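1. Generate coordinates for the sequence data below:
(one chain, ligands or ions: 1)
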Amino acid sequence: MTATLADGQLVLIIEDNEKNLKLARDLLRYHGFRTIEAPDAETGLRMASDAVPDIILMDIELPGMDGVTALECLRADPAIAGIVVVAFTASVMPVDQDRFSRAGFAGVIVKPIDVKVFPNQVLAYCRTAERDG
Ligand code: MN
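-> Next up, the predicted model:
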């Protein structure tokens, strides 16, 4: 038996693509994270208020409210404004990377995810959250 990577950190995954969502969830749970999931931003914001996750992985292209707008809403609510939010996106275009950074995302995890590094990427953002929080 090897020790799991994570220590039960709670990750909220907001992602409308079922396949992407399932892969991220399965990988994170396998590596010792806890996860909650939402298929759209509105549901995700409610979950963030209820559960106050350690970090949020936020898809940008979502049905209804997009991920950048969702981040603005989150930042406007003092109860959840401090949560570390990572853009979870297929876009590697510099103009988008710049837009996400200016919007206040802590960073970007690009899809399709690299299954070998993804859990460590997420853990690194959790550590950032612990340090800042
Ligand atoms: Mn999407």
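
2. Could you use CA atoms for every contact and neighbour count after this?
-> OK.

3. quick one: buried residues of the helix or strand harbouring residue 24?
-> Element membership for residue 24 (DSSP states H and E) is helix 18-30. Within helix 18-30, the residues scored as buried using 16 or more other CA atoms under 10 Å are 21, 24, 25, 28, 29.

4. As CSV, those residues with distance to the ion and pLDDT would be great.
-> As requested, those are exported to CSV (distance: CA to the ion, whole Å; pLDDT from 0 to 100):
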residue, distance to the ion, pLDDT
21, 10, 98
24, 13, 98
25, 15, 98
28, 19, 98
29, 21, 98
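
5. Make CSV out of the residues you listed and add distance to residue 78.
-> Putting the buried residues of helix 18-30 into CSV (distance: CA to CA, whole Å) gives the following:
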residue, distance to residue 78
21, 27
24, 28
25, 27
28, 28
29, 29
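
6. For the ion, see how far away residue 80 is.
-> 22 Å (CA to the ion, to the nearest Å).

7. Residue 41 now?
-> Look at residue 41 and the ion: by CA to the ion, they are 10 Å apart.

8. Ramachandran coordinates for residue 64?
-> Backbone torsions of residue 64, given as degrees, to the nearest 10, read phi 80, psi -130.

9. so who does it touch?
-> 40, 41 (CA atoms under 8 Å, 6 or more residues apart in numbering).

10. Could you pick out the longest helix of this structure?
-> helix 118-132 (DSSP state H).

11. Quick check: mean pLDDT of that helix?
-> Averaging pLDDT along helix 118-132 yields 93.

12. Ok, stretch 72-81 next?
-> 96.

13. which residues sit against that stretch?
-> 45, 48, 49, 52, 82, 103.

14. Going by neighbour count, which of those are buried?
-> So, by 16+ other CA under 10 Å, the buried ones in the contacts of stretch 72-81 are 45, 48, 52, 82.
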